[in-house]
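> structure, please.
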Amino acid sequence: MSPSSSNNYSYEYFNVTFPQPYIAHVEINRPEKLNAFIEIMWQNLAKIFTQLSHDPSVRAILLTGAGDRAFTAGLDVHAAAQSGPLADAEKEGASQDVARRALYNLRHITDFQACITAIEKCEKPTLTLLHSLAYGLALDIALSTDLRITTTSTRFAIKEVDIGLAADIGTLTRLPKAVGSMAWVKDVALTGRVFGAEEALRVGLVSEVVQGGKEEGVRRALEVLGVVAQKSPVAVRGTKEILDYGWGRTVEEGLRYTAVWNSAMIQTQDIKDALLSGIQKRKPTFEKL
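Just a heads-up that it's a prediction; the model follows:
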């Protein structure tokens, strides 16, 4: 990717780099606060993934946290206590009327949810490398990506019950679908207990545990995404689209959607290029998406 492309990704509290052809690396950059999120951060995260989604030079995206202490410790509760739904309404000067305060809270929560869902809606395959601390919002974010791998030392927790609320940004909705065991989900969600990488692998929260720390994890993540980035971007886009559409729908609905999608997409030049390269025993190259 050209230097001019990377210059277009300047967002507060995030580093966006392009370590390999077609691969973007998004790094949450607030290490002095364990990468804990304040409002501008989730707003910027949505903007980054929307921009990357539409960037023809990008085929895959890696998400990590800056520093060695945390992917993210979740929501910055100190900042959240100063403004927003968790703040004292009287001190904040907000309406004391219950209905009006509820409507304000509803707008705030749904806006926050939409920012994280922007990751899920990204057209390009996404991979979260979970490392060190991965609490609360860390799981909301990671569950919105296509792939999740972790380092051996990662500590996970759904911590919202410990601050007096039910997790409301996506974990309680996406986690049961991701791991397939409601009993386990209720265990970790109701107790708020910390669990490790091997347990996360056993239940299917992650697909791989990388031996070592963040550096080894980033190296492995880039290997995985490097393979994805060499495939036809049309085929990868279609595969992600069809898998996402079929999640929660019937087989019949999924098959119909697949047929309609591929009725257009099988006309791509990528198929001819891939078949010809197989015959000629060479690695195929594909145009930008």
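> count of residues packed around the spatially closest residue to Thr72 that is not a sequence neighbour?
Distance criterion CB to CB, 6 or more residues apart in numbering; nearest residue to Thr72, sequence neighbours excluded, is Asn35 at 4.1 Å. No exception for glycine: its C-beta is placed from N, CA and C like everyone else's. As a burial measure, Asn35 scores 28 neighbours (other CB atoms under 10 Å).
> residues touching Asn35, list them.
Ile28, Asn29, Gly65, Ala66, Gly67, Ala70, Phe71, Thr72, Ala73 (CB atoms under 8 Å, 6 or more residues apart in numbering).
> how about the contacts made by the most centrally placed residue in the chain?
What sits nearest the mean C-alpha location of the chain, by CA atoms, centre = their mean, is Thr145, with 3.3 Å. Counting by CB under 8 Å, 6+ apart, Thr145 touches Leu63, Ile119, Glu120, Thr126, Leu127, Thr128.
> okay, now the unreliable bits of this protein?
1-7, 88-94 (pLDDT under 70).
> including distance to Ile158 and secondary structure, could the contacts of Thr145 go into JSON lines?
Below are those laid out as JSON lines (distance: CB to CB, whole Å; DSSP: H, G, I helix; E, B strand; the rest coil):
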{"residue": "Leu63", "distance to Ile158": "19", "secondary structure": "strand"}
{"residue": "Ile119", "distance to Ile158": "18", "secondary structure": "helix"}
{"residue": "Glu120", "distance to Ile158": "18", "secondary structure": "helix"}
{"residue": "Thr126", "distance to Ile158": "21", "secondary structure": "strand"}
{"residue": "Leu127", "distance to Ile158": "21", "secondary structure": "strand"}
{"residue": "Thr128", "distance to Ile158": "16", "secondary structure": "strand"}
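> quick check on those: which are buried?
The neighbour-count test (16 or more other CB atoms under 10 Å) marks Leu63, Ile119, Glu120, Thr126, Leu127, Thr128 as buried among the contacts of Thr145.
> what are the boundaries of the strands in the stretch 151-289 of the chain?
Applying DSSP state E, counting those that start in this stretch to the stretch 151-289 of the chain gives strands spanning 155-157, 195-196, 208-210.
> okay if I get these as JSON lines plus distance to Val179 and mean neighbour count?
What follows is the strands of the stretch 151-289 of the chain, written out as JSON lines (distance: least, CB to CB, whole Å; neighbours: other CB atoms under 10 Å):
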{"stretch": "strand 155-157", "distance to Val179": "12", "mean neighbour count": "22"}
{"stretch": "strand 195-196", "distance to Val179": "12", "mean neighbour count": "16"}
{"stretch": "strand 208-210", "distance to Val179": "15", "mean neighbour count": "19"}
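> ok, Gly204 touching Pro176?
No: contact criterion CB atoms under 8 Å: Gly204 and Pro176 do not qualify, at 11.2 Å.
> surely Lys288 meets His54?
No: distance between Lys288 and His54: 11.8 Å, which falls outside the contact criterion (CB under 8 Å).
> buried stuff in stretch 268-280?
Buried-residue list, stretch 268-280, by 16+ other CB under 10 Å: Thr268, Asp270.
> about what we covered before: now the phi/psi pair for the residue nearest to the centre of the chain, please.
Torsion angles at Thr145 (phi, psi; degrees, to the nearest 10) stand at phi -100, psi 160.
> hmm, back to that, now the two most distant members of the contacts of Asn35.
Greatest spacing in those, by CB to CB: Asn29 and Ala73 (13.9 Å).
> those two: which is more packed in?
Applying other CB under 10 Å to Asn29 and Ala73 shows that Ala73 carries more neighbours, namely 24 against 18.
> now tabulate the strands of the stretch 151-289 of the chain in TSV and tack on distance to Tyr13.
Putting the strands of the stretch 151-289 of the chain into TSV (distance: least, CB to CB, whole Å) gives the following:
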stretch	distance to Tyr13
strand 155-157	22
strand 195-196	27
strand 208-210	25
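> out of these, which is closest to Glu12?
Between these, strand 155-157 lies closest to Glu12; by CB to CB that is 26.9 Å.
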